[in-house]
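Engineer: structure for this input, please:
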Amino acid sequence: MTDQAAENRRLLVRLVVAAAVMFGFGFLLVPFYEKICEVTGINELLRPDRVENTQVDASRLVTVQFDANVHDLPWQFRPLQGAIKVHPGEMVMVMYEVSNTRDEPITGQAVPSYGPQLAGQFIRKMDCFCFTRQTLAPGETRTMPVAFVIDAALPTDVAVITLSYTFFEIAGRRVVSEPETRPRPAEVRT
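Structural biologist: Next up is the predicted model:
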């Protein structure tokens, strides 16, 4: 029995030593990793004072004008800002406000347009109310965001962009608040 107990102790010692070596190796990897990052320049990318958005063209400003329209829809719709100046590549968020003036829910969809037309190729929207249909309850007013970036590749001769939205009613999407009462066809007796 003593041989078995001695062998168990040796195995336990070996396992403890292996665990300690693995634990130590994990701690030694930290300075080793830091040295590799320093040599390759990766640490320079992670320093907050060195982080710079190289996609923003700070050398020029573009004026973005906002417009809002409705087409045969009983809504009031307007941008909360008339225009802003933005550097190409800079992320921007603006807000629009829409109100349903009718006493029934109505669903609409906004369609964007751009002036000049080629500017539409250079506006990248991250969030926009135009992505989905909007259903407004009777008298509801809603503030809706548009988040976008003007691509730095926008031609330099374009200094003013107009972003216009027109809301259209979605046909067949009007929600009827009361059930319709239609006369039933007369029963035919034979």
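Engineer: okay, now Leu118: neighbour count?
Structural biologist: Applying other C-beta atoms under 10 Å, we find 12 residues neighbouring Leu118. C-beta here means a position set from N, CA and C on the backbone, and glycine is covered the same way.
Engineer: ok, it - contacts?
Structural biologist: 155, 158 (C-beta atoms under 8 Å, 6 or more residues apart in numbering).
Engineer: what of Ser99?
Structural biologist: Contact analysis of Ser99 by C-beta under 8 Å, 6+ apart lists 75-77, 136, 139-142.
Engineer: ChimeraX command to pick out the buried ones of the residues you listed?
Structural biologist: To isolate the buried subset of the contacts of Ser99 in ChimeraX, counting by 16 or more other C-beta atoms under 10 Å, use the following:
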select :75,77,136
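Engineer: just the contacts of Ser99 now: which is nearest Ala18?
Structural biologist: Using C-beta to C-beta, Arg142 comes nearest to Ala18 of the contacts of Ser99, at 63.8 Å.
Engineer: that older thread, determine which two of the contacts of Ser99 are furthest apart.
Structural biologist: Phe77 and Gly139 (14.8 Å).
Engineer: re earlier: what is the nearest of the contacts of Ser99 to Phe23?
Structural biologist: Out of these, the member with the shortest distance to Phe23 (by C-beta to C-beta) is Arg142, at 57.3 Å.
Engineer: returning to that earlier point: from the contacts of Ser99, which is closest to Gln117?
Structural biologist: Scanning these for proximity to Gln117, where the rule is C-beta to C-beta, the winner is Phe77, at 21.9 Å.
Engineer: tell me, how many residues neighbour the nearest residue to Pro79 once chain neighbours are set aside?
Structural biologist: Leaving aside its chain neighbours, Pro79 sits nearest to Phe66 (3.6 Å; criterion: C-beta to C-beta, 6 or more residues apart in numbering). Residues near Phe66, counting by other C-beta under 10 Å, number 20.
Engineer: thank you, goodbye.
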